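**Q** after the sequence you'll find the predicted model.
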Amino acid sequence: MRYKIDTIEPFWWGLFMAGAGVIGMLLPIHILIQGIAAPLGLVNPEVLARHVVALLGNPIVKLYLFVLISLPLYHWAHRFRYFVFDLGLRGGRMGIAVLCYGAAVVGTILAALTLIKL
Amino acid sequence: MHGESSVRRPAGYPWHMPAGWWLKNGDYIRYMIREVTAVFAALWVVAFLVQLAGNGRNPAAWAATFRSPGWLVFSIIALAFVLYHAWTAFTATGTLVHLRMGKQVVPSGQLNGVMFVGWAVATIVIGAILLMG
């Protein structure tokens, strides 16, 4: 069998690295404020809710949220694909890749549709 | 043919490791924990997307989401994994990136520092926008 070089790998790897940057740089403060400070009452949930609703009217914020939501999905897809291989799952590599990247693509489409409708 | 070498090799990588190889060494365990961080990051953004779809522009619905104890617990767990991802990514930057400024090689510690400064700036800007509206 001939050894075929995976020419699409750099494309997924690029999205994977971009997602890594988004997760590291942008996600922690969102989780901290929206997921921890507000539920604990350190930030008033009603005031934060009004701010979030007001921000959702801005197209630039929507574009930012599209990046914030979609790129981590590609990071997960690429990493999880190799994670299951590391765990010893040897078969079905193509199927796993299609499922992982496919889920990320579906998530990207849903994010775009949701943000457009807002 | 473009995209194929002329060397004949077996399909895929030969696998010689037992399934529990990563449990034998603390470094391997930390490596696998780092791999799992992506799962929690993805779950959090998916949950956020579900909130966006469900709450829309309804402030009362968003306030109810922000008061949810389940959301708090999940976010605490997710933040721990995401911060581990951030720390390991930023401290590895100087090892992964070889950058020259003229003839001088930028020290790895400076590259790591740039990542942390960028993180701090992004955190302050996003935090201010979220809190001030």
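**A** Noted; the coordinates are in hand.
**Q** and for the closest residue to chain A within chain B, nearest residue in space, chain neighbours not counted?
**A** Residue nearest to chain A within chain B (Cβ to the nearest Cβ): residue B:75, separated by 2.5 Å. Any C-beta I mention is one placed from the backbone N, CA and C, and that applies to glycine too. In space, and not counting its chain neighbours, residue B:75 is closest to residue A:35: 2.5 Å by Cβ to Cβ, 6 or more residues apart in numbering or on different chains.
**Q** buried sites along the strand or helix carrying the residue of chain B closest to chain A?
**A** Per DSSP states H and E, residue B:75 falls inside helix B:69-96. Buried residues in helix B:69-96, counting neighbours by 16 or more other Cβ atoms under 10 Å in any protein chain shown, are found at B:71-72, B:74-75, B:78-79, B:81-86, B:89-90, B:93-94.
**Q** do stretch B:24-41 as well
**A** Buried residues in stretch B:24-41 (16+ other Cβ under 10 Å): B:34-35, B:37-38, B:40-41.
**Q** which stretches of chain A have low pLDDT?
**A** Segments of chain A classed as low confidence (criterion: pLDDT under 70) are A:1-6.
**Q** spatially central residue for it, please.
**A** Most central in chain A under Cα atoms, centre = their mean is residue A:72, positioned 2.5 Å from the mean C-alpha point.
**Q** contacting residues for that residue?
**A** Neighbouring residues of residue A:72 by Cβ atoms under 8 Å, 6 or more residues apart in numbering or on different chains: A:19, A:22-23, A:27, B:38, B:41-42, B:45.
**Q** for the chain, what spans make up the strands?
**A** Assuming you mean chain A. A:2-4 (DSSP state E).
**Q** wrong chain, I was asking about chain B
**A** Under DSSP E, chain B gives strands at B:4-8, B:100-101, B:104-105.
**Q** so which residue is smack in the middle of chain B?
**A** residue B:85 (4.4 Å).
**Q** contacts only, for the nearest residue to it once chain neighbours are set aside.
**A** Spatially, and ignoring its direct neighbours in sequence, residue B:85 is nearest to residue B:37 (3.9 Å; Cβ to Cβ, 6+ apart). Residue B:37 is in contact with A:23, B:81-82, B:84-85, counting by Cβ under 8 Å, 6+ apart.
**Q** quick one, grab the pLDDT at residue B:8.
**A** We have a pLDDT of 57 for residue B:8.
**Q** returning to what we had before: thinking the residue of chain B closest to chain A is in contact with residue A:33, fair?
**A** No - the criterion here is Cβ atoms under 8 Å, and residue B:75 misses it with residue A:33 at 9.8 Å.
**Q** the helices in the chain, which residues?
**A** With no chain named, the answer covers chain A. Here chain A has its helices, by DSSP state H, at A:9-25, A:27-30, A:38-40, A:45-55, A:59-86, A:93-117.
**Q** looking at chain B here, not the other one
**A** Assigned by DSSP H, the helices in chain B fall at B:26-55, B:59-66, B:69-96, B:108-132.
**Q** just give me how far the second one sits from the chain centre.
**A** On the basis of Cα atoms, centre = their mean, to the nearest Å, helix B:59-66 is displaced by 27 Å from the centre of the chain it belongs to.
**Q** what angle sits between that helix and helix B:26-55?
**A** 160 degrees (axes from the mean of the first three to the mean of the last three Cα atoms, to 10 degrees).
**Q** and for helix B:59-66, what's in contact with it?
**A** By Cβ under 8 Å, 6+ apart, helix B:59-66 touches A:34, A:38-39, A:45-46, A:48-50, A:52-53, B:51, B:54-55, B:71.
**Q** repeat that with 10 Å
**A** For helix B:59-66, contacts defined as Cβ atoms under 10 Å, 6 or more residues apart in numbering or on different chains pick out A:33-35, A:37-41, A:43-54, A:56, B:47-48, B:50-52, B:54-56, B:58, B:71-72.
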